[in-house]
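Participant: Here you go, sequence then predicted model.
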Number of protein chains: 2
Amino acid sequence: MGESDVDDIAVGAAVLGTGGGGSPYLGKLLAQQAIRKHGPVKVVDASEVDDSALVICCAMMGAPTVVAEKLPRGDELIKAFTTLERYLGRTATHTVSIEAGGMNSTTPLGVATQLNIPLVDADAMGRAFPELQMVTPTLYGIRASPMVLADEKGNTVLISAVDNYWTERLARSITVDMGATASIALYALSGVQVKETLVRGTIGLAQELGRVLRDTRAAHGDPVTAIVDRLQGRLLFAGKVVDVARRTEAGFAKGSARVEGFDADTGAFLELQFQNEYLVAVREGDVVVSVPDLIITLDLDSGRPITTDEIRYGFRVAVVGAPCDSRWRTTAGLELVGPRYFGYDIDYTPLESLGMGTAGGGT
Amino acid sequence: MGESDVDDIAVGAAVLGTGGGGSPYLGKLLAQQAIRKHGPVKVVDASEVDDSALVICCAMMGAPTVVAEKLPRGDELIKAFTTLERYLGRTATHTVSIEAGGMNSTTPLGVATQLNIPLVDADAMGRAFPELQMVTPTLYGIRASPMVLADEKGNTVLISAVDNYWTERLARSITVDMGATASIALYALSGVQVKETLVRGTIGLAQELGRVLRDTRAAHGDPVTAIVDRLQGRLLFAGKVVDVARRTEAGFAKGSARVEGFDADTGAFLELQFQNEYLVAVREGDVVVSVPDLIITLDLDSGRPITTDEIRYGFRVAVVGAPCDSRWRTTAGLELVGPRYFGYDIDYTPLESLGMGTAGGGT
């Protein structure tokens, strides 16, 4: 995988990232810079990973709003990664994305090329989520720690926690101290665990989504419809962003955005609530889609994914729902990432069972 | 050193602890319990430590107000200590106190007896201070980290920071997450460093102070005067505590206590301000003693040291000043622990140069 492939992956991952995972543009630039310097990255299918492999996840942690203003220096991730290797007493054979998010899909590309190890075509969420324990390996009892955080100043912290909630809690405080962002290495997995617990094919899917958007635009087609079709999702709303409330709190970017339908007479509007990622979409009091299903906000004309840290007044957007990995819909999955975990007093209803939601006026 | 010696050490260390370092009573009980189970502790003079020794400091970190209600389970310190040993790839030959404080002077006794290693008769402050970087080794450029924190739940965190201020900052947040207290191992020192950088003889001095108090009481003498004489300090004020404001903030016990002189007509009073330790004593607008000199609050009759977490309305107290280790009075020392570091806009004046402060009415 070379520099040019990264363009599609970054865009497609931002679609899957449901608004989170940081800026796809910055992630792309960082990955391309690394590939230019260290060479292309070998991407392998999960099925090609040896059972005895050591696969380590790496990512940026913190508030995307801050990452955009305080870019990593470049060697923090390598430091986090190699510190974890040293602690484990083994060298990683592969790296892998923890989430399909704007920045965090491309983040591991830099590590892969610098350390000359392949990237596994998979991730641990099938989308992006705001907290560390929100990964499919947690559903299999796999520990996030030992985990290492590193900052641009040269500080590193190694956590060994009793469970993944404690890893998240400790890591979040450290991230805040480090300046609301940190480079992290965690979830050291065997090849067996990679094959059993991860969401497969995420990098390939991201690249395909990026290509679909590019091709559709070139053919003067409708990019939003192309994405809806590819993800077997549905268009929930289309309109103009009329208000955004955003705050950086406890190391997260939290807030909400109000989208008003184009037909002003109907007064229809949709509210998107987010914590790094879009969590819930409410239309006139009714939840039309919620975590763990994907809430994807796209530029209405170009289909470009819009992250929670960049959404702003005046954007004309399409809000698309898409089904999540089926493991998130189990009882254990919903305990980990369902709407109640995020403080919403609602039961999760799969997107497919919710009333048809397309509305908002003429697209 | 057996169980009975711990009584004197705990009391004497609480005198040197200037109100901080946690409850001497709890520290004593924990150390005595460990000695009863694992046998007496060998205490060695710093001069007896081999140059190539590995000496690791251990302590409780956090708010003494919380430690008193959330006692350590007992194995957290050992876990912190051995995790640091494993990281260093070496077994410690000795342990040593980081501070002369109520609880933290006796804390290393438990580690020494359980791991069957000697305790060095020294500490890293010659008193107690509220933050990790406030130790004499910092003046010699020695790093606090690698440092390990452990809690009663089984979480451990290993910090490698660029300097001792960053170690303090990261460790403080982690301590707050761990429930406002943590067991810590840090400042891994060679024998050469122990001899050059620590304050020697602290354990012996603490034991002597404890014995002085005991003997003076037995002889119906004046315990306060006996302490003043032994430490070459001075009695600054005597009176009754009439008001205490105390809060647990950012993992510290902060606040102030107002002491009113016995002769109500003079209206004389003294205010003690504290952050775990007593930092400044102000008498009618004038600072009569400040950090880094020792501010020691004793029960007026028994000479029992009174910590900042137990001082309360109605206590009849003597406030004593005593000179600190001379290294704290250097420019570098005052930068680290002088009154300005704690937010007081005053220059440090050595106790001996301040106007004679004994007052407050008939003792």
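Facilitator: Okay, I see it. Numbers count the residues shown, from 1 in each chain, chains lettered A, B, ... in the order given.

Participant: All the helices of the stretch 51-200 of chain A, residue numbers only.
Facilitator: A:64-67, A:76-88, A:107-115, A:136-139, A:164-177, A:191-197 (DSSP state H, counting those that start in this stretch).

Participant: any idea of the mean pLDDT in the first one?
Facilitator: Going back to what we said before, that points to helix A:64-67. Mean pLDDT, helix A:64-67: 68.

Participant: Flag every residue of chain A that's near chain B.
Facilitator: A:83, A:87, A:153-162, A:166, A:169-170, A:173-174, A:176-177 (CB under 8 Å from any CB of the partner chain). Just so you know, the C-beta spots here come from the backbone N, C-alpha and C atoms, and that holds for glycine as well.

Participant: ok, now with 6 Å
Facilitator: Contact residues (CB under 6 Å from any CB of the partner chain) of chain A with chain B: A:153-162, A:166, A:169-170, A:173, A:177.

Participant: Give me the distance between the spatially closest residue to A:A53 that is not a sequence neighbour and B:I295.
Facilitator: For A:A53, ignoring the flanking residues on the chain, the nearest one in space by CB to CB, 6 or more residues apart in numbering or on different chains is A:G191 at 3.7 Å. From A:G191 across to B:I295, the span is 61 Å (CB to CB, to the nearest Å).

Participant: Looking at these two, which is more packed in?
Facilitator: B:I295 (26 against 20; other CB atoms under 10 Å in any protein chain shown).

Participant: Which residues are in contact with that one?
Facilitator: Contacts of B:I295 were listed using CB atoms under 6 Å, 6 or more residues apart in numbering or on different chains, and they are B:18, B:278, B:281, B:289.

Participant: what comes into contact with the helix or strand where the third one lies?
Facilitator: Think B:A281. Per DSSP states H and E, B:A281 falls inside strand B:277-283. With CB under 6 Å, 6+ apart as the contact definition, strand B:277-283 has outside contacts at B:18-20, B:128, B:130, B:270-273, B:287-291, B:295, B:319, B:342, B:344.

Participant: swap in stretch A:234-241?
Facilitator: Against stretch A:234-241 from outside (CB under 6 Å, 6+ apart): A:228, A:257, A:259-262, A:270, A:288, A:300, A:313, A:315-316, A:318-321, A:357-358, A:360, A:363.

Participant: Repeat that for stretch A:317-333.
Facilitator: Outside stretch A:317-333, the residues touching it (CB under 6 Å, 6+ apart) are A:126, A:136, A:139, A:199, A:224, A:228, A:231, A:233-238, A:281, A:289, A:292-294, A:296-298, A:300, A:337, A:351.

Participant: what's the answer for stretch A:80-89, then?
Facilitator: A:58, A:91-92, A:111, A:146, A:148, A:150, A:156, A:183-185, A:188.

Participant: same thing with stretch A:8-19?
Facilitator: By CB under 6 Å, 6+ apart, stretch A:8-19 touches A:24, A:27-28, A:100-102, A:105-106, A:127-128, A:206-207, A:209-211, A:274, A:277-278, A:294-297, A:305, A:307-308.

Participant: quick one: contacts for the nearest residue to A:T248 once chain neighbours are set aside?
Facilitator: What sits nearest to A:T248 in space, not counting adjacent residues and going by CB to CB, 6+ apart, is A:A63, at 4.9 Å. By CB under 6 Å, 6+ apart, the residues touching A:A63 are A:180, A:248, A:251-253.
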